[in-house]
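Novice: next comes the sequence, and after it the predicted model I'd like to discuss.
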Amino acid sequence: GEDVEQSLFLSVREGDSSVINCTYTDSSSTYLYWYKQEPGAGLQLLTYIFSNMDMKQDQRLTVLLNKKDKHLSLRIADTQTGDSAIYFCAANYGGSQGNLIFGKGTKLSVKP
Amino acid sequence: EPEVTQTPSHQVTQMGQEVILRCVPISNHLYFYWYRQILGQKVEFLVSFYNNEISEKSEIFDDQFSVERPDGSNFTLKIRSTKLEDSAMYFCASSERDRGEQYFGPGTRLTVT
């Protein structure tokens, strides 16, 4: 079936850039999302990109999409300790209205 | 900023009991969703709802599950006879338009004993 894969852990130093990678299998996914989950909290929508775009920038966040390779990345510039969280990549499944398929999440640890 | 709210934040119930999880979507949103996340596993889609009917449901969403929009603001998920394996975090989400970005609530942690 369709799937979304992410690496499970990433550790960076404060001030460095973080790059979180994701691959997906459904070539008909039209929306790709990044969500952030802090301990004990819900899923916060960080940013999203349409499949007809290859880049989107939003302040410290840059999303890159390589549709040919079905590869999505999230770059966080000047990473802060407050960015420590689990980051989920998600893709809408096929032509569905809103069935999102999530990756397992990447735990980002930011060291001072 | 408008947000999705969910109650209760934590529900403990005994196996075989019925539970109702409640959500208040963002007020101008028309599309509603339930997802669940079993501890240590991926967030999984359960059901989507639009115009007072189910649009899509996953294999997880069997006859034990039902959803309802009882009034203009609430959206509920009912589990008729809970099983141990229903223990999970249940997230409600809403979006303004078809295939629009989904905003999630903080979740309800359901523990079935």
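Specialist: Good, I have the coordinates.

Novice: mind saving the C-alpha coords of stretch A:89-103 as PDB?
Specialist: Written as PDB, here are the backbone C-alpha positions of stretch A:89-103 (Å, rounded to 0.1, in the frame of the first residue of the first chain):
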ATOM      1  CA  CYS A  89       5.600  14.300   7.000                       C
ATOM      2  CA  ALA A  90       2.100  13.600   5.600                       C
ATOM      3  CA  ALA A  91       0.700  13.200   2.100                       C
ATOM      4  CA  ASN A  92      -2.900  13.100   1.000                       C
ATOM      5  CA  TYR A  93      -3.700   9.600  -0.300                       C
ATOM      6  CA  GLY A  94      -4.400   9.500  -4.000                       C
ATOM      7  CA  GLY A  95      -7.500  11.500  -5.100                       C
ATOM      8  CA  SER A  96      -9.000  11.200  -1.700                       C
ATOM      9  CA  GLN A  97     -10.600  14.100   0.000                       C
ATOM     10  CA  GLY A  98      -8.500  14.100   3.000                       C
ATOM     11  CA  ASN A  99      -7.100  10.800   3.900                       C
ATOM     12  CA  LEU A 100      -3.600  11.800   5.000                       C
ATOM     13  CA  ILE A 101      -0.900   9.200   5.300                       C
ATOM     14  CA  PHE A 102       1.700  10.000   7.900                       C
ATOM     15  CA  GLY A 103       5.300   9.000   8.400                       C
END
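
Novice: so which bits of it are buried?
Specialist: Judged by neighbour count (16 or more other C-beta atoms under 10 Å in any protein chain shown), stretch A:89-103 contains these buried residues: A:89-93, A:96-103. The C-beta positions use only the backbone N, C-alpha and C, and glycine is treated the same way.

Novice: likewise stretch B:84-93?
Specialist: B:86, B:87, B:88, B:89, B:90, B:91, B:92, B:93.

Novice: look up the closest residue to residue A:37, ignoring the ones flanking it.
Specialist: residue A:86 (4.6 Å; C-beta to C-beta, 6 or more residues apart in numbering or on different chains).

Novice: so what sits opposite the one you found in the bridge?
Specialist: When assigned by DSSP bridges, residue A:86 has beta-bridge partners residue A:37, residue A:107.
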